[in-house]
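Trainee: model the following, please.
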Amino acid sequence: MRKVTLLVLVALLLGSVAPVLGQTGEAPAGTFYGAWPYFLPPDGHLNSFSTGGPASSLGLYYRWVELPMAYYLAAEADYEPWLAESWEFEGEEAFVVHLRQDALWSDGSPITADDLIGTYAIGRILKWSDFNYVGEVEKVDDFTVRFTLANPSLLARHIILRTTIRNMTVYGDLAQKALDLYASGAAIDSEAWLALQTEIKEFRPEQVIASGPFIYTLDDVGDSFMSLHWQPNSIFSESVQFGTVQIWYGETEAVTPLVLDGKVTYATHGFPPATDQAMQDAGLRIIRGPYNYGAAVYINHDVYPWSRPEVRQAMAMVIDRAESAFLTKGLSALPVQYMGGMSDGLIQLWLSEDEVAALNTYAYDPAAAEALLLGIGFTRNAEGKWLDDNGDPVAAEYTFQAEWADYGAAAQNAVEQLNAFGFDITGRAVQWQQLDEDIKAGNFTLSVRSWGASSPFPTDQLNGPLRSWNYTGLTEGQTGLNFPMEFEWNGEQIDFTALIAATGAGLDREVQQPFVAKAVAIFNDLLPVIPLSEALTNNPLNENLASGAPADDDPIWRNGGGSADNYITYLALKGILTPGPDAM
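Mentor: Down below sits the predicted model:
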């Protein structure tokens with residue numbers, strides 16, 4: 001039996017902190033017009049722990065509803081306190097968070113340690129990646145939580161501080177069940193554990209209790225748009241300058257005419273180069289910040305001959321990545337240079353000059369690719385099409401997102417270039433949520449998704465595809481890429497999961513560096529996925545609808561366009577963005 005360290009039932013049900021009356025105030029004037037393919041009911045619901053809930057449905061607008069403890073400022077490599085007021089490491093034993101004592105939920109109750117502990121109790125049952133680093137989660141007092149570090153890491157601080165806290169008036173019963181189950185010693189693959197996972201995912205709360213300055217109900221979710229409404233009790237309620245956030249529904253094709261017609265304040269959709277130019281011609285400002293990820297060819301490693309690294313290496317040499325980048329996002333994409341599973345900029349920061357020079361850049365070279373395949377017994381038939389070493393055609397279906405103009409362009413360009421080389425590839429568009437499920441289920445041969453991650457940490461970058469889309473991080477029965485994480489490389493037995501974890505282990509960057517260099521070298525050689533382009537945002541900002549955005553050289557733009565620490569979230573919640581002349 002595990003020692004019970006988190007006894008919060010009474011606190012969850014009764015509250016250990018005296019209730020605080022909610023603030024009152026008048027909503028600011030003006031509307032922020034966003035756009036996002038949110039989930040429609042019944043797939044869309046209000047459980048932020050489950051697919052279809054606020055966390056997965058709202059995109060960048062999720063953190064306008066449920067706040068994290070801190071916001072990461074990329075230019076400073078530091079954190080600005082939000083729901084937390086301070087934090088510290090206790091050596092390598094623990095990480096301690098002190099919540100601010102004036103933060104309220106939208107119902108006027110205080111945000112406390114019980115909410116944070118309950119959030120993590122449920123997260124443990126859902127197998128959050130946080131628990132690669134975190135052991136016990138312990139309440140020190142009403143506003144202080146101590147995270148024992150099972151795997152000391154600077155990444156643990158990053159993950160914890162950027163976690164959104166959920167309200168235990170809503171989730172308290174599930175949190176207590178989670179605490180009880182963990183205390184019982186149940187195994188994570190036990191029937192009881194899996195049953196509680198299912199119960200958590202199927203829970204459908206009747207309301208959102210928000211910590212951010214905006215709130216909504218399912219009545220606010222429509223086929224054309226949904227609305228978030230200002231609420232007075234957030235730490236950002238006085239600073240934010242918009243009273244309503246109207247989010248137009250749709251993917252790129254549906255949103256583009258709205259953007260060009262001046263009806264969208266800001267959009268994060270991947271717009272193709274022609275649309276990018278049309279947006280500039282319409283007088284829209286285009287924000288080009290880093291994403292630290294981009295389009296990649298995804299491979300089902302269960303399917304021969306794509307499971308052979310030589311085939312993937314040949315593919316890397318016959319897809320012109322400069323052409324791919326331009327066709328994907330025009331000026332807002334760069335060809336990947338180092339092919340190491342991390343942003344080129346981060347590779348330069350983490351690897352020595354000699355280590356960088358040793359990487360294979362897979363320069364465009366069809367002749368070298370041909371020699372590589374001939375060397376492993378592949379041949380060409382009379383029509384010049386490739387046959388593998390078993391005499392079978394090198395053929396596959398390449399699926400891509402029907403609604404994503406950028407990744408669709410990357411996929412179709414890859415199909416054309418691979419076929420020009422002599423492969424037999426057929427492209428097929430699939431509705432994007434269905435394609436995600438197909439990849440997770442291993443129901444594909446070639447597809448397109450992202451390498452890297454919207455994170456400055458090597459561990460997150462390398463785990464981008466290798467955890468989120470591989471059997472090691474998916475639910476039971478899902479194989480995803482099915483790239484084997486244990487293998488022999490250069491005569492050495494490699495546990496790639498453990499090696500990637502070591503890239504973020506401990507609090508000393510110098511200790512982590514050799515593991516980063518080795519992991520990048522292995523990725524570069526084996527190419528579990530084939531990176532094509534590194535995305536920059538080409539997000540249109542309509543300055544007739546929002547004023548106050550800083551100049552292009554302002555450090556905030558280095559935060560990029562990912563959902564977690566999006567620059568627009570910061571500018572809007574801090575009140576730097578204000579309604580423009582057409583937003584009133």
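
Trainee: and stretch 136-150, end to end?
Mentor: Start-to-end span of stretch 136-150 (Cα to Cα, to the nearest Å) is 8 Å.

Trainee: now do it: everything it contacts.
Mentor: 5-6, 8, 11, 16-17, 90, 92-101, 112-114, 116-117, 120-121, 124, 131-135, 156, 160 (Cβ atoms under 8 Å, 6 or more residues apart in numbering). Where C-beta positions appear, they are placed from N, C-alpha and C, glycine not excepted.

Trainee: and the buried ones among these, selectable in PyMOL?
Mentor: Applying 16 or more other Cβ atoms under 10 Å to the contacts of stretch 136-150 leaves a buried subset, and the PyMOL line that selects it is:
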select buried, resi 5+6+8+11+94+95+97+98+99+100+112+113+114+116+117+120+121+124+131+132+133+134+156+160
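
Trainee: narrow the contacts of stretch 136-150 to those in helices?
Mentor: Under the assignment DSSP state H, the contacts of stretch 136-150 contribute 11, 113, 114, 116, 117, 120, 121, 124, 156, 160 to helices.

Trainee: quick one, which of the residues you listed has the minimum pLDDT?
Mentor: Across the ones in helices among the contacts of stretch 136-150, the bottom pLDDT score, 38, is held by residue 11.

Trainee: beta-bridge partners for residue 146, please?
Mentor: When bridges are called by DSSP bridges, residue 146 pairs up with residue 96, residue 138.

Trainee: equivalent analysis for residue 214, please.
Mentor: residue 230.

Trainee: now tabulate the ones in helices among the contacts of stretch 136-150 in TSV and tack on distance to residue 203.
Mentor: Listed next are the ones in helices among the contacts of stretch 136-150 as TSV, based on distance: Cβ to Cβ, whole Å:
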residue	distance to residue 203
11	20
113	22
114	18
116	19
117	18
120	17
121	14
124	16
156	27
160	24
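
Trainee: out of the residues you listed, flag the one nearest to residue 419.
Mentor: residue 156 (45.8 Å; Cβ to Cβ).

Trainee: state the distance from that closest one to residue 357.
Mentor: Separation of residue 156 from residue 357 (Cβ to Cβ, to the nearest Å): 33 Å.

Trainee: ok, residue 459 next?
Mentor: Distance from residue 459 to residue 357, by Cβ to Cβ: 24 Å.

Trainee: give me the more crowded residue out of the two.
Mentor: residue 459 (29 against 9; other Cβ atoms under 10 Å).

Trainee: let me see the contact set for the closest residue to that one other than its chain neighbours.
Mentor: Sequence neighbours aside, residue 504 is the residue nearest to residue 459 in space, at 3.5 Å (criterion: Cβ to Cβ, 6 or more residues apart in numbering). For residue 504, the contact set (Cβ under 8 Å, 6+ apart) comprises 133, 153, 154, 155, 457, 458, 459, 460, 512.

Trainee: so the closest residue to the fourth one other than its chain neighbours, which state does it fall into?
Mentor: Yep, that's residue 155 we're talking about. Closest residue to residue 155 apart from its sequence neighbours, by Cβ to Cβ, 6+ apart: residue 504 at 4.0 Å. Counting by DSSP: H, G, I helix; E, B strand; the rest coil, the backbone at residue 504 sits in coil.

Trainee: if I look at residue 504, how far off is residue 461?
Mentor: Distance from residue 504 to residue 461, by Cβ to Cβ: 10 Å.

Trainee: do residue 300 as well
Mentor: Counting by Cβ to Cβ, the gap from residue 300 to residue 461 is 22 Å.

Trainee: likewise residue 169?
Mentor: Taken as Cβ to Cβ, the span from residue 169 to residue 461 is 37 Å.

Trainee: go on, residue 100?
Mentor: Residue 100 is 31 Å from residue 461, by Cβ to Cβ.

Trainee: low-confidence bits of the chain, can you list those?
Mentor: Residue ranges of the chain with pLDDT under 70: 1-24, 584.

Trainee: which residue of it sits farthest from its center?
Mentor: residue 382 (45.7 Å; Cα atoms, centre = their mean).

Trainee: name the SS class of it, please.
Mentor: Classification of residue 382 using three-state DSSP returns coil.

Trainee: quick one: the helices in the stretch 351-500 of the chain, in order.
Mentor: 353-357, 366-374, 405-421, 432-441, 458-468, 496-502 (DSSP state H, counting those that start in this stretch).

Trainee: out of the ones you listed, deepest packed?
Mentor: Of the helices of the stretch 351-500 of the chain, the one with the most neighbours on average (mean count of other Cβ atoms under 10 Å) is helix 458-468, at a mean of 25.

Trainee: so what touches that one?
Mentor: 129, 153, 155, 292-293, 296, 298, 341-343, 346, 350, 449-453, 455, 472-473, 481, 483, 485, 496, 500-501, 503-504, 512, 516, 519-520, 523, 528-529.
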